[in-house]
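Enquirer: My questions concern the predicted model and sequence given below.
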Amino acid sequence: MANCPIPFSNFTFKKPNRLSNLYCLIITTVLCTVFYLLGLWQHSIRRTSVSAGFFTSDSPCFHPNSTSTKIPTPIKTNLDFSAHHYSPDPPPTAARVLHFPPCNQSLSEYTPCEDVQRSLQFDRDRLIYRERHCPEPKEMLKCRIPAPYGYKVPFRWPESRESVWFANVPHKELTVEKKKQNWVQYKGDRFRFPGGGTMFPRGADAYIEDIGKLINLRDGSIRTAIDTGCGVASWGAYLLSRNILTVSFAPRDTHEAQVQFALERGVPALIGVFASIRLPYPSRAFDMAHCSRCLIPWGQYDGIYLTEVDRVLRPGGYWILSGPPINWESHWKGWARTREDLKAEQDLIEKVAKSLCWKKLTQNGDLAIWQKPTNHIHCKISRKVFKHPQFCESREDPDKAWYTKLETCLTPLPEATDIKEVAGGQLANWPERLTSNPPRISSGSLEGITAEHFRENTELWKKRVERYKTLDYNLAEPGRCRNLLDMNSYLGGFAAALVDDPVWVMNVVPVEAEINTLGVIYERGLIGTYQNWCEAMSTYPRTYDFIHADSIFSLYKDRCNLEDILLEMDRILRPEGSMILRDDVDAVVKAKTILDAMQYDCRITDHEKGPHQREKILLAVKQYWTAPAPDKNQ
C-alpha cells in the first residue's frame, strides 16, 4: 500500500500507475469481506446462546447474581429520544363542588345585619341595639334564602301602592295595632293600603296637600326627601305622583314588617334608625325631611339627631314635623301626657332648631315647618350667642357616613361670599336637575371629574341601557320591574337613563370606591346610599326586581369572597327577578359558575364594542322557588 495515494499529505505525489490502483482495490475488498463474515459469526453465536438458555455478561438484562432459572424474554432494543429527567406531576386535587342549598324556611325574612337575636347582645340605650350589627365571616350563611310558601310576583305599579299579596308578607300585626289609623287592612288573599297614617287620618294624599299649601311641592324645587320612622311609607308613596322621590326608613321590627310592606308596595325604603352613627347619606342630600309621629327624641342628647338632619339637608331645605309635641294643646289628652311635659318637649326642639340657625316658617294645625339657611354667613356670627353647637372642624369629611359616629357639632356649609348665595351652588329645578352639571362637579371638588366627563358618562349609559333592554325582557317590559338596585352607581348614569320608566333605582356608592360620588347622585335628583358589599344590605329579602352591578367583583376581588356577594344578591332579589353584571371576563366567568350552582339561568354576552373587549356582560335570571308547604318536608 506504499504506493496508494494518501490524502492531506505534504508529500509530492507521482502519478500512480494502474497496477498500484488494482492492488489497493483488491486489498480493500478482502478486508471488507473479512469484517463482514466476522460480524455474521458473532451474531449467530449470540442467537444460539439465547435459544439454549445461556446468557453472557454481554446479553441484554444480564444479572450476574441472579438465581432465577426463568428464561427472560429477549428485549428488542429501540432508540428512545424522550426526556427521562423530570419532576412528577403533582397529585390531582378534587375540584370543589359548589352547592348552595336552600336555607331553612324560618329564615325567609332574614336580615343578617339587623338580626333580632344578635341585636339583643348590644346596648339598648339610645336604640344602639337596633343599629347594624353584622355577622362575622365565619357566621355567614352559605345557603339561599327561600321565599315563603305561596309567594307571588308583586302587583305592578301603581296597583302595588294599594295592594300587596298576603303570602308575600304574612304578618297581620299592623292590621290590628293600627286598625283605627288606616295603615293597612287585610282582605282575602291580600293587604290593602288606604293611605292612612297616625297623623293623617284623611289619608296621605290629603296630608301632602296640606303641606303643599305651606311650601311649594309642585315647581320642581323639591325633588328628594327623607322620611324618618316611615311606617308603611304612605307619605313617600303618594309624593311620587308629584315627582318627589323619598327615602323612607324605620328600624327593624319596631312594628312588624313596616319596611317590608313599603318595599312590597314598590316604594323606596331601607331599614335604619337614629342611634349612635350617621345615616348612610352624604351631606346636603335632601330637599326635605319629614317626621310624622316618629317618636324620635329630637331635643334630647344635645340635639344630636336634629344636628344629623341638618347635615343631610341641602341649603334652604325643609324639616317637617307632625305629631307630639306639635299642637299639644289639642292632643295632650289623647297622647296620655301632661301639658307641661309636651310644652317642655316643644320648647327644647325650638331651642335646638334655633341653635342650628333654622328658621321656623310656620306652624299650622298639626304641622310645623322649619327651613335651613342657604349659607352660614350669619350662623357663624351667631356662635357668639349660641355656644353650642360649634362648627365641626374642617378636617372632618361631612360626606363620610359609614359607621361614622354622630357628633353634636354643626356641619359647616361651603363658603359663601354673599348672604343671598346658596352655599355649594344653586340646584336646578326638576327635571332639569337630572342633566344639569352638578355643583360638586362644577366646583371642582371631585378630582378628575369634569363637566365634559359628566356629559359623556350620561350619554354612555343611555346607550348601554338601550342595549340592556334588548338583552333582558324583564327590564324591557314596562311595569315588569319596579324596584331596581345599582350596586356601583358612580355618577348615577344607569338610573338617569331609566328616569322615564315606571321604576325607582337605589343607587349605591361602595365605601371602597376611589371617589365618593353619592353627593353628585343626590344633586341630580336621584337617591342612594353607601354600602360595603362584604356585608349585607339593610333591607329585607326579595327587595329588588332587578340588580345591576358594574365592576363590583373587580372592586372586591381581594376584599371578600365573590360567592358571599352573590349570595347577598340572591337574598335581596325577587323570584323571577334578573341581574345584569358587567366586569372583567375572568370575574364574569367565575360569577357564572357560582350562579349556575345557585340554579340561575345565565348567559354571557360581549361588550357593546365587540368581542375583543375584556369586559363582558352576564345576564342571570332567578328561578321561581319557595319554601315547602307547612305540612310537607322539603
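Expert: Good, I have the coordinates. Numbering: from 1, shown residues only.
Enquirer: quick one: buried residues of stretch 559-572?
Expert: In terms of neighbour count (16 or more other CB atoms under 10 Å), stretch 559-572 has its buried residues at 562-572. For every residue, glycine as well, the C-beta is placed using N, CA and C.
Enquirer: Spatially central, which residue of this protein would that be?
Expert: residue 487 (3.6 Å; CA atoms, centre = their mean).
Enquirer: doesn't residue 533 make contact with that residue?
Expert: Yes. Assessed by CB atoms under 8 Å, residue 487 is found in contact with residue 533 at 6.6 Å.
Enquirer: which neighbours do these two share?
Expert: Counting by CB atoms under 8 Å, 6 or more residues apart in numbering, the residues touching both residue 487 and residue 533 are 510, 552.
Enquirer: For the strand ranked longest in the chain, what is the distance to the chain centroid?
Expert: As assigned by DSSP state E, the longest strand anywhere in the chain is strand 573-584. On the basis of CA atoms, centre = their mean, to the nearest Å, strand 573-584 sits 11 Å off its chain's mean C-alpha point.
Enquirer: ok, back up a step: is the nearest residue to the residue nearest to the centre of the chain once chain neighbours are set aside bridged to anything, and to what?
Expert: With sequence-adjacent residues excluded and distances taken as CB to CB, 6 or more residues apart in numbering, residue 487 is closest to residue 549, at 4.4 Å. Taking DSSP bridges as the rule, residue 549 bridges to residue 581.
Enquirer: ok, residue 549 touching residue 578?
Expert: No. Using CB under 8 Å, residue 549 is not in contact with residue 578; the gap is 11.8 Å.
Enquirer: Count the residues that sit near residue 610.
Expert: 7 (other CB atoms under 10 Å).
Enquirer: Look up the residues forming beta bridges with it.
Expert: residue 607.
Enquirer: Do you know the pLDDT at it?
Expert: Looking at residue 610, its pLDDT is 94.
Enquirer: same question, residue 159
Expert: Reported pLDDT for residue 159: 96.
Enquirer: Residue 156 too?
Expert: Taking residue 156 on its own, its pLDDT is 95.
Enquirer: residue contacts, it?
Expert: Contacts of residue 156 (CB under 8 Å, 6+ apart): 479-480, 482.
Enquirer: Kindly recompute the last result at 6 Å.
Expert: Taking CB atoms under 6 Å, 6 or more residues apart in numbering, we find residue 156 in contact with residue 479.
Enquirer: Kindly report the same for residue 569.
Expert: Residue 569 neighbours (CB under 6 Å, 6+ apart): residue 547.
Enquirer: doesn't it fall inside a strand?
Expert: No. Counting by DSSP: H, G, I helix; E, B strand; the rest coil, residue 569 is not part of a strand but helix.
Enquirer: and the gap between it and residue 581?
Expert: 9 Å (CB to CB, to the nearest Å).
Enquirer: What are the phi and psi values at residue 212?
Expert: Backbone torsions of residue 212, given as degrees, to the nearest 10, read phi -60, psi -20.
Enquirer: and it, what does it touch?
Expert: With CB under 6 Å, 6+ apart, residue 212 has no contacts at all.
Enquirer: That one and residue 552: what is the separation?
Expert: 40 Å.
Enquirer: cool, and residue 402?
Expert: 16 Å.
Enquirer: what's the answer for residue 612, then?
Expert: Distance from residue 612 to residue 552, by CB to CB: 23 Å.
Enquirer: quick one: which of those two has more around it?
Expert: residue 552 (25 against 7).
Enquirer: how about the strands in the stretch 451-600 of the chain?
Expert: 483-486, 504-510, 528-531, 544-550, 573-584 (DSSP state E, counting those that start in this stretch).
Enquirer: Let's have the ones you listed in JSON lines, adding mean neighbour count and distance to residue 184.
Expert: What follows is the strands of the stretch 451-600 of the chain, written out as JSON lines (neighbours: other CB atoms under 10 Å; distance: least, CB to CB, whole Å):
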{"stretch": "strand 483-486", "mean neighbour count": "25", "distance to residue 184": "19"}
{"stretch": "strand 504-510", "mean neighbour count": "25", "distance to residue 184": "21"}
{"stretch": "strand 528-531", "mean neighbour count": "24", "distance to residue 184": "26"}
{"stretch": "strand 544-550", "mean neighbour count": "24", "distance to residue 184": "22"}
{"stretch": "strand 573-584", "mean neighbour count": "22", "distance to residue 184": "20"}
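Enquirer: Now tabulate those in JSON lines and tack on mean pLDDT.
Expert: As requested, the strands of the stretch 451-600 of the chain are exported to JSON lines (pLDDT from 0 to 100):
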{"stretch": "strand 483-486", "mean pLDDT": "98"}
{"stretch": "strand 504-510", "mean pLDDT": "98"}
{"stretch": "strand 528-531", "mean pLDDT": "98"}
{"stretch": "strand 544-550", "mean pLDDT": "98"}
{"stretch": "strand 573-584", "mean pLDDT": "98"}
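Enquirer: Can you tell me which of those strands is nearest to residue 393?
Expert: strand 528-531 (21.7 Å; CB to CB).
Enquirer: Give me the distance from that closest one to the chain's centre.
Expert: With CA atoms, centre = their mean, you get 9 Å for strand 528-531.
Enquirer: same check, this time on stretch 577-596
Expert: The answer for stretch 577-596 is 13 Å, by CA atoms, centre = their mean.
Enquirer: List the contacts of that stretch.
Expert: Contacts for stretch 577-596 (CB under 6 Å, 6+ apart): 468, 472, 474, 545-551, 553-554, 563, 566, 602, 604, 614, 616-622.
Enquirer: swap the cut-off to 8 Å and go again
Expert: Residues contacting stretch 577-596 (CB under 8 Å, 6+ apart): 98, 100, 468, 471-472, 474-475, 481, 544-554, 557, 562-563, 566, 569, 573, 602, 604, 607, 614-622.
Enquirer: Show me which positions of stretch 433-452 end up buried.
Expert: So for stretch 433-452, counting by 16+ other CB under 10 Å, buried means 433-434, 436-441, 445-446, 449.
Enquirer: quick one, helices of the stretch 401-550 of the chain?
Expert: 439-442, 451-471, 473-476, 493-497, 518-523 (DSSP state H, counting those that start in this stretch).
Enquirer: among the ones you listed, which gets the worst mean confidence?
Expert: helix 473-476 - the lowest mean pLDDT of these, at a mean of 93.
Enquirer: Next secondary structure element downstream of the helix-or-strand element of the chain with minimal mean pLDDT?
Expert: Ranked by mean pLDDT, DSSP states H and E, the weakest helix or strand in the chain is helix 18-51, scoring a mean of 68. Counting by DSSP states H and E, the next helix or strand C-terminal to helix 18-51 is helix 116-119.
Enquirer: which parts of the following helix or strand past that next one are buried?
Expert: Per DSSP H and E, the first helix or strand lying C-terminal to helix 116-119 is strand 163-165. For strand 163-165, a neighbour-count test (16+ other CB under 10 Å) marks 164-165 as buried.
Enquirer: Which strands or helices does strand 163-165 pack on?
Expert: Applying 3 or more CB pairs under 8 Å, 6 or more residues apart in numbering; DSSP states H and E, we find strand 163-165 packed against strand 190-192, helix 258-264.
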